[in-house]
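Student: need a structure here:
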Amino acid sequence: MTEAAQEHRKKAYRVRGFTCASCAAQFEDNVRKLDGVISAEVDFASGKLSIEGAAGQEEIERAGAFENLRVYEDGSEGDFHESPYWQKKKNLRVAAAALLTAGGWVSLFHNGEENTWTISLFVAAILLGGYALFFQGVKNLVRLRFDMKTLMTIAIIGAALIGEWGEAAVVVVLFALSEALETYSMDKARRSLRSLIELAPRETTVLENGTEIVRPVSDVRPGDLVLIRPGEKIPVDGTVEKGASSVNEAAITGESIPAGKTADDTVFAGTMNEEGILQVRVTKTERDTALAGIIHLVEKAQSEKAPAQQFVDRFARVYTPAIVIFAALIATVPPLFFGLPWNEWVYLGLATLVVGCPCALVISTPVAIVTAIGHSARQGVLIKGGVHMEQAGRLTAFAFDKTGTLTRGTPEVTDVIPAEGIDYARLARTAFSLERHANHPLAKAIASFFEKEQTVAGDAEDFETLTGAGVRGAVDGERCFAASDIYVEEHAPELLSEAARKIIHRLQQEGKTVVLVGTDSGLSGILALRDEVKPGAADAVRELTALGIRKIVMLTGDHPETARAIGEKAGIEDVRARLLPEDKLIVISDLKKQGYVTGMAGDGMNDAPALAAADTSVAMGLSGTDVALETADISLMGDDLEKVPYTIRLSRKTMAVIKQNIVFSLALKAIALLLVPFGLLTLWIAIFADIGATLLVTLNSLRLLKTKKGK
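Tutor: Purely as a prediction, here's the structure:
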């Protein structure tokens with residue numbers, strides 16, 4: 001199959017109108033049965049359908065007719081434009097049913113409950129507001145599938161059979177209200193993701209031979225030149241070719257301070273151009289932008305169930321059948337064995353069924369997880385699933401890599417000290433010739449420094465990278481190296497004079513990293529670089545300590561003196577230096593063996609093994625490597641380390657909210673069930689207990705939106 005045909009067969013849709021998780025499961029089952037469908041998967045949390053096959057949009061929508069579901073192609077504008085409440089057919093029917101129910105109760109008080117008009121109004125309300133519920137409930141009953149619609153159908157039909165027409169009509173209306181609340185709570189939770197999707201504009205101005213042409217962003221391709229005026233959002237990722245401006249990148253990084261952008265700087269889709277006019281050369285299509293990657297990660301994260309949610313789902317599968325059996329016993333045992341009135345106890349059994357609806361319990365976890373993950377994404381923190389959200393709150397130890405994590409990751413050359421008898425030009429040529437071939441941040445900084453000085457480089461033959469130590473090769477026919485003092489101390493200590501050792505010691509005490517340049521016959525000189533500690537690093541460490549993180553460690557391959565100086569500025573006492581990538585892995589493993597639940601933050605490829613071993617790993621997003629981002633459980637899209645304690649606080653708050661939600665939903669139902677022995681439980685109380693629990697769960701979960709950095 002061609003790539004184009006494969007793309008045609010695999011499609012994603014947005015689905016609106018789910019009222020419960022069981023509805024999503026039913027819809028998925030219906031879609032799978034459509035002709036031409038190979039596979040289908042529905043994610044209730046994000047409202048997304050992924051399908052492989054030849055089914056069309058209309059067919060898919062018909063599969064959701066039982067719930068009046070609306071289906072839109074993923075990325076289409078229609079997905080995010082909700083019809084006004086009063087224009088929805090379902091809500092109009094419920095409103096009409098509510099009016100008929102009210103009319104029925106007025107007639108009951110004036111004409112009595114046996115009056116034809118009274119009964120007719122209640123029956124009309126039940127049929128109008130509940131026919132879709134009955135249709136699905138009866139189908140479920142035939143299949144012995146006991147979800148909330150099945151329970152409500154039994155309760156409403158049972159109430160009607162024993163002559164409680166008014167109660168049955170009220171239950172229909174109130175159940176519709178409960179479903180509306182559940183839909184609202186999940187829609188509200190998804191809103192953070194929806195707002196991310198809406199960040200990028202739909203159209204942009206493309207420059208072709210000096211002519212401005214407005215095009216859909218989906219038609220823009222790498223190599224195109226787009227024009228972005230002040231106040232406009234950047235449509236796709238690219239590189240500034242002309243112009244200067246400040247760009248608000250809060251949507252991507254969570255940082256509120258605009259970043260200055262000039263020629264050759266990278267800009268991202270969804271960010272706001274604030275001042276000047278920019279001409280941007282497109283580097284990625286709409287589907288491949290950083291924003292698209294964030295949205296994909298958030299969607300995937302929201303669909304992954306946390307252990308708490310898996311527990312609730314397992315509990316609900318046992319809880320619902322147990323309630324059905326309990327209700328049946330209440331309805332039959334007292335009349336059969338104790339001669340009590342059938343009508344009264346059947347009514348109590350029906351009320352127990354209504355209490356047993358697990359609506360609030362089922363959404364207690366996903367509404368909190370989806371809210372938290374979506375909200376954290378708007379703050380520049382990507383949490384890759386409920387499992388990682390839950391685990392972050394359990395951390396008791398945390399390790400920071402130094403370069404690029406605790407420090408800015410942009411070291412600058414501060415000292416160039418030629419050895420005795422070596423001139424500056426020769427030292428510069430040797431260092432530049434070697435380091436311009438390496439990818440390490442220190443090497444790049446050295447190469448950039450000498451390039452700006454217009455140093456002429458020679459060829460570096462037999463070039464070789466010394467893992468964690470430096471580089472070596474032949475320059476102008478002579479074997480040379482640019483390496484750490486540790487490497488030279490181990491392999492050629494005779495090259496280091498007492499004077500050189502004193503200079504190295506002094507530089508390292510100043511918090512500088514030392515690179516030695518030399519040949520097989522002698523030292524050519526000493527280079528020193530400084531990488532400044534990030535402004536918020538010390539505050540982040542203090543916050544972690546305040547959160548009860550008992551062990552905070554800094555990991556680096558640098559010299560112990562340099563490492564201690566950096567650690568002191570960051571407020572970290574436990575500093576581990578001279579570490580290779582495998583040594584960092586050993587440190588993380590040892591912390592776990594000591595009983596610590598360990599987290600780690602890093603940004604480089606050499607951090608990947610240790611990140612993979614940590615219980616929770618954090619990658620520095622835009623500054624990090626693809627390997628670190630892929631390995632990590634959590635990605636910070638900016639350089640603000642205070643987002644680490646923010647994430648731990650959000651995790652703990654989310655888990656507290658989930659526990660509260662479960663307690664709320666079960667406690668209200670337990671209180672209602674305690675009324676059964678006294679004959680005080682009514683259908684009204686039962687349905688209000690369910691609505692009350694759903695409302696409490698929703699409002700409690702939305703408190704997570706108030707979690708901010710430093711709070």
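Student: Which strands and helices lie in contact with the longest strand along the chain?
Tutor: The residue-count maximum for a strand in the chain (DSSP state E) belongs to strand 522-530. The contact analysis (3 or more Cβ pairs under 8 Å, 6 or more residues apart in numbering; DSSP states H and E) places strand 522-530 against strand 412-418, helix 424-435, helix 441-452, helix 498-509, strand 513-519. C-beta: built from backbone N, CA, C; applies to glycine.
Student: Just the C-alphas of that strand, formatted as CSV.
Tutor: C-alpha atoms of strand 522-530 as CSV (Å, rounded to 0.1, in the frame of the first residue of the first chain):
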residue,chain,number,x,y,z
GLY,A,522,53.9,19.3,26.1
LEU,A,523,51.1,21.5,27.2
SER,A,524,50.1,24.3,24.8
GLY,A,525,47.8,26.2,27.1
ILE,A,526,44.8,26.4,29.4
LEU,A,527,41.3,27.5,28.4
ALA,A,528,38.6,28.3,31.0
LEU,A,529,34.9,28.6,30.5
ARG,A,530,32.0,29.6,32.7
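Student: Please identify the buried residues of that strand?
Tutor: 523, 524, 525, 526, 527, 528, 529, 530 (16 or more other Cβ atoms under 10 Å).
Student: pretty sure the first one is touching residue 495, no?
Tutor: In other words, residue 523. Yes. Checked against Cβ atoms under 8 Å, the pair residue 523 and residue 495 is within contact range at 4.8 Å.
Student: and the gap between residue 206 and residue 469?
Tutor: Per Cβ to Cβ, to the nearest Å, residue 206 is found 48 Å from residue 469.
Student: Please apply the same query to residue 477.
Tutor: In terms of Cβ to Cβ, residue 477 sits 23 Å off from residue 469.
Student: repeat for residue 640
Tutor: 32 Å.
Student: Among the two, which residue is more densely surrounded?
Tutor: Higher neighbour count among residue 640 and residue 469: residue 640, with 23 against 19, using other Cβ atoms under 10 Å.
Student: quick one, what contacts the nearest residue to that one once chain neighbours are set aside?
Tutor: Leaving out its chain neighbours, the residue that sits closest to residue 640 by Cβ to Cβ, 6 or more residues apart in numbering is residue 536, at 5.6 Å. Residue 536 makes contact with 640, 641, 642, according to Cβ atoms under 8 Å, 6 or more residues apart in numbering.
Student: if we take those residues, which one ends up nearest to residue 603?
Tutor: residue 641 (11.2 Å; Cβ to Cβ).
Student: My read is that that closest one contacts residue 534, right?
Tutor: Yes. Between residue 641 and residue 534 there is a contact under Cβ under 8 Å: 5.9 Å.
Student: can you list residues touching both of the two?
Tutor: residue 406.
Student: So for those two, which residue has more residues nearby?
Tutor: Per other Cβ under 10 Å, whichever of residue 641 and residue 534 has more neighbours is residue 641, with 27 against 22.
Student: and the nearest residue to the more buried one once chain neighbours are set aside, how many neighbours?
Tutor: Nearest residue to residue 641, sequence neighbours excluded (Cβ to Cβ, 6+ apart): residue 540, at 3.9 Å. Residue 540: 25 surrounding residues under other Cβ under 10 Å.
Student: you'd agree residue 540 is in a helix?
Tutor: Yes. When DSSP: H, G, I helix; E, B strand; the rest coil is applied, residue 540 is found to be in a helix.
Student: Look up how far residue 534 lies from it.
Tutor: 8 Å.
Student: any residues in contact with both of these two?
Tutor: residue 641.
Student: Pick the one among the buried residues of strand 522-530 closest to residue 473.
Tutor: Distances from residue 473 to the buried residues of strand 522-530, taken by Cβ to Cβ, are shortest for residue 524, at 13.8 Å.
Student: Local confidence estimate at that closest one?
Tutor: With respect to pLDDT, residue 524 has a value of 94.
Student: again, but for residue 545
Tutor: 96.
Student: if I've got this straight, it is in a helix?
Tutor: Yes. Read with three-state DSSP, residue 545 is one of the residues of a helix.
Student: What strand or helix carries the nearest residue to it once chain neighbours are set aside?
Tutor: Of all residues not flanking residue 545 in the chain, residue 552 sits nearest, at 6.9 Å (Cβ to Cβ, 6+ apart). Per DSSP states H and E, residue 552 falls inside strand 551-555.
Student: neighbouring strands for that strand, and are they parallel or not?
Tutor: Strand 551-555 pairs in its sheet with strand 397-401 (parallel), strand 574-576 (parallel), by DSSP bridges.
Student: outside of it, which residues touch it?
Tutor: In contact with strand 551-555 (Cβ under 8 Å, 6+ apart) are residues 396-402, 406, 541, 544-545, 563, 566-567, 570, 572-576, 579, 584, 587, 591, 596, 600, 610.
Student: If we use 6 Å, what do you get?
Tutor: Applying Cβ atoms under 6 Å, 6 or more residues apart in numbering, the contact partners of strand 551-555 are 397-402, 541, 544, 567, 572, 574-576, 579, 584, 596.
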